[in-house]
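Enquirer: Sequence plus predicted model, see below.
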Amino acid sequence: MTKKLSFRMILGLVLLVIITAAALFAPWIAPFSPTQTTTAVLAEPSLEHFLGTDQLGRDVFSRIIWGTRVSLQVGAAAAVVAVLIGAPIGLIAGFFRGRIDFFLVQVIDIFIALPGLVLALIITAMLGPSVVNLSITLGVVTAPTVARLVRGQVFVVRETLFVEAARATGASSSWIIRKHIMPNTMRVVWAQFAINVSLAIFTSASLSYLGLGVPPPNPDWGGMVRDGSMFLPIRPVLSLAPGFAVALTVFTFYLIGSSMNDAD
């Protein structure tokens, strides 16, 4: 019998479709190029500029729409990096246990104990600000969480009756991992993937606010919040609009991830 999707999952998926559509169809939705400047500096919202313009005369609405692409690229790429690093580590630690598990757990715990934003700041400062470096950095920072969750799930699966039966028939470890362990850990991986996208987008915006995220002139929400903060008394929309975009996107992916975790 097909399981019904929860309200949270449906809401998250609807929001995801809207956000993804904005990213894919940005050239047709945004009335201006994200880097196009005009003489209308700090213009108020109007029919021509829905959310006004920034200090350089760039259309704020257009930059937010184009910024959706940048944020999703960074978030998705970082989540992929986290899974590629963390999932194999968690799989090896959880399945083989012993000294391998002990060593890997110590490494995982050290990374988890470090504040994620501080670690991201250090790595980004070393590598330099770019979309690729930022994605790699955020993936490395969130990989230990993936490893710990996968390890815990593998612990559960490896003690099940069907795995014990496979061992009794002489099945190899690689066969058991491929046929039983990996398929039964994918839900945890996908759930954490969605949550990691939200974490990466939020951390990316935070780094951009500090000047270490996506470099200009790329339309980045965190950078827009930073630039707009200088004009809060007269044009609060310059910071509030991109800030809302960050919050909505983070909320969307968190809804999806948490709903997958709560599913039976």
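Expert: Nice, I can see it. Numbers count the residues shown, from 1 in each chain.
Enquirer: which stretches of the stretch 151-264 of the chain form helices?
Expert: Listed in chain order, the helices of the stretch 151-264 of the chain (DSSP state H, counting those that start in this stretch) span residues 161-168, 173-176, 186-209, 221-229, 237-262.
Enquirer: right, and those helices - which one's nearest A120?
Expert: For A120, the closest of the helices of the stretch 151-264 of the chain is helix 186-209, at 5.7 Å, according to C-beta to C-beta. (C-beta placed from N, C-alpha, C; glycine too.)
Enquirer: mind listing what's buried in that closest one?
Expert: In terms of neighbour count (16 or more other C-beta atoms under 10 Å), helix 186-209 has its buried residues at 188-189, 191-209.
Enquirer: Likewise for stretch 249-262?
Expert: Those would be 249-250, 252-260, for stretch 249-262 by 16+ other C-beta under 10 Å.
Enquirer: Next: stretch 44-57.
Expert: By neighbour count on 16+ other C-beta under 10 Å, the buried set for stretch 44-57 is 49, 51-54, 57.
Enquirer: Check stretch 166-174 too.
Expert: For stretch 166-174, a neighbour-count test (16+ other C-beta under 10 Å) marks A166 as buried.
Enquirer: Could you tell me the end-to-end distance of that stretch?
Expert: Chord length of stretch 166-174, first to last residue, is 11 Å (C-alpha to C-alpha, to the nearest Å).
Enquirer: Just the mean pLDDT for it, thanks.
Expert: Across stretch 166-174, the average pLDDT comes to 77.
Enquirer: what comes into contact with that stretch?
Expert: Residues from elsewhere that reach stretch 166-174 (C-beta atoms under 8 Å, 6 or more residues apart in numbering): 95-96, 175-176, 179-180.
Enquirer: got the contact list for A241?
Expert: 51, 60-61, 64, 224.
Enquirer: and if we set it to 10 Å?
Expert: Applying C-beta atoms under 10 Å, 6 or more residues apart in numbering, we find A241 in contact with 45, 50-52, 60-61, 63-64, 221, 224-225, 228.
Enquirer: excluding its backbone neighbours, what's nearest it?
Expert: L51 (5.2 Å; C-beta to C-beta, 6 or more residues apart in numbering).
Enquirer: same thing with L240?
Expert: G228 (7.8 Å).
Enquirer: I figured that neighbour hits V237, correct?
Expert: Yes: the pair G228 / V237 is scored as a contact, 7.7 Å apart, by C-beta atoms under 10 Å.
Enquirer: if I look at the two, which residues touch both of them?
Expert: Common neighbours of G228 and V237 (criterion: C-beta under 10 Å, 6+ apart): 54, 60, 243.
Enquirer: Any chance of CSV for the residues you listed, columns pLDDT and distance to A77?
Expert: Shown next, in CSV, are these (pLDDT from 0 to 100; distance: C-beta to C-beta, whole Å):
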residue, pLDDT, distance to A77
D54, 89, 27
V60, 93, 26
G243, 95, 23
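Enquirer: which among those residues gets closest to P27?
Expert: For those, the closest approach to P27 (C-beta to C-beta) belongs to V60, at 17.3 Å.
Enquirer: got a list of what the closest one touches?
Expert: By C-beta under 10 Å, 6+ apart, V60 lies in contact with 32, 43, 45, 49-54, 219, 224, 228, 235, 237-238, 241-242.
Enquirer: now the stretch 1-150 of the chain, which segments are flagged as low pLDDT?
Expert: Residue ranges of the stretch 1-150 of the chain with pLDDT under 70: 1-3.
Enquirer: quick one: the helices in it?
Expert: 7-24, 26-29, 60-96, 98-113, 116-127, 131-157.
Enquirer: ok, so what distance separates L5 from A21?
Expert: Going from L5 to A21 by C-beta to C-beta, to the nearest Å gives 20 Å.
Enquirer: Ignore what I typed, I meant M230.
Expert: 32 Å.
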